[in-house]
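# what would the 3D arrangement of this be:
(one chain, ligands or ions: 1)
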Amino acid sequence: MEAKIISGTKLREDILDEISEKTLELKEKFNRPPGLVTILIGNNPASVSYVSLKIKTAERVGFKEVQENLNEDVSENELIALIKKYNEDETIDGILVQLPLPKHINEERVLNAIDPDKDVDGFHPVNVGRLIIGKKVIFAPCTPAGIIEMIKRSGIDTNGAEVVVVGRSNIVGKPIANMMLQKNEGANSTVTIVHTATRDLKSHCMRADILIVAAGVPGLVKPEWVKKGACVIDVGVNRVGEKISEKTGKKIPVLKGDVDFDEIKKIAGWITPVPGGVGPMTIAMLMKNTLKSMIARVEKSSV
Ligand code: NAD
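So this is what the prediction gives:
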């Protein structure tokens, strides 16, 4: 039997519908929707397209959306002053600074300037610490949070499961490994992280009940590395060429994941496609974090 395909595109729509509904309730009760500010510096085409998708999604769920498009030559101090302005703004619950930043700006200083209680990307050291401690986690980074949501909503049993994470980046590998380890619903697993220095990648992957791959290497994971019935989450998004879009007639990239999808779907129990898997979940989780931020803020102010 072929693996069940976990569609991020479909799950994203369910999650966005839930968020829209909750937004209406919040507006009714507190007279304002959740507020998100997106700060874009310069006009890097990939960043412009990510930010416009975030703006479109925020509008789709009924949030207040503020756009700040800054020139490439903005100074670090000007950027930090803008962030501080939104830290103080009572109608803003989430501050998102689109990365990467121009070379003359120190990314760490900028991310650290965001109020941790408005850090909807979950990159501030305070939120990374909260994630590891496992208490009071409001802002889990969006890609790992999307992965947990996919696993939970697919009804996969994670209790005591062998989870193998390929990759140790700060935005995917490390946080998802920490989250799967917590004594929480959709987690509580036994976790191994493998990376470029791991001696025998294959033998680790073969043990996995849940294999999460975030290496950025097209087709790294081979069919013989996958246990029968395992859940395979492919985070990789690799541009392997270009094609002409049937819809627009324009050139678009051909994307491939980190696992050999066509062969592995014959072995796995569940698998995520690329595109249409983890990717769409990431923006949905950004909206969820913004919603959670407003709920936490209004609850705090009503105590
Ligand atoms: P990264 O380059 O920061 O980290 C990759 C990690 O994989 C490193 O820790 C490295 O040790 C490990 N690795 C690389 N090659 C390996 C190999 N041959 N064997 C074992 N380990 C290896 O990348 P990242 O930011 O974590 O992203 C990983 C992939 O996920 C990329 O393709 C990226 O585009 C994609 N991504 C997708 C989303 C999404 O929303 N779908 C979000 C973030 C990243």
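
# report the buried residues of stretch 93-113.
Under the neighbour-count criterion of 16 or more other C-beta atoms under 10 Å, stretch 93-113 has Asp93, Gly94, Ile95, Leu96, Val97, Gln98, Leu101, Ile105, Val110, Leu111, Asn112, Ala113 buried. To be clear about C-beta, it is placed using only N, CA and C from the backbone, and glycine gets the same treatment.

# just the pLDDT at the third one, thanks.
pLDDT, Ile95: 98.

# helix, strand or coil: sort out it for me.
Classification of Ile95 by DSSP: H, G, I helix; E, B strand; the rest coil places it in strand.

# any idea how far the helix or strand where Glu108 lies is from the chain center?
If you go by DSSP states H and E, Glu108 is part of helix 107-113. Counting by C-alpha atoms, centre = their mean, to the nearest Å, helix 107-113 is centred 19 Å from the centre of its parent chain.

# average pLDDT across that helix?
On average, helix 107-113 scores 97.

# which SSE is immediately downstream of that helix?
Counting by DSSP H and E, what follows helix 107-113 is helix 125-133.

# which residues of the stretch 151-300 of the chain lie near the ligand?
For the stretch 151-300 of the chain, the residues in contact with the ligand (C-beta under 6 Å from any ligand atom) are 166-169, 171-173, 194-196, 198, 201, 214-217, 220, 235-238, 278-279, 282.

# at 8 Å what do you get?
Within the stretch 151-300 of the chain, the positions near the ligand by C-beta under 8 Å from any ligand atom are 166-173, 194-198, 201, 214-217, 220, 235-238, 258, 274, 277-279, 281-282.

# out of the residues you listed, which sit inside helices?
Per DSSP state H, helices hold the following members of these: Gly173, Leu201, Val278, Gly279, Met281, Thr282.

# quick one: contacts of stretch 10-28?
Residues from elsewhere that reach stretch 10-28 (C-beta atoms under 8 Å, 6 or more residues apart in numbering): 32-34, 57, 60-63, 149-150, 153, 280-281, 283-285, 287-288, 291, 294-295, 298.

# now check that stretch, is it near the ligand?
No - Stretch 10-28 stays clear of the ligand (C-beta under 8 Å from any ligand atom), getting no nearer than 11.2 Å.
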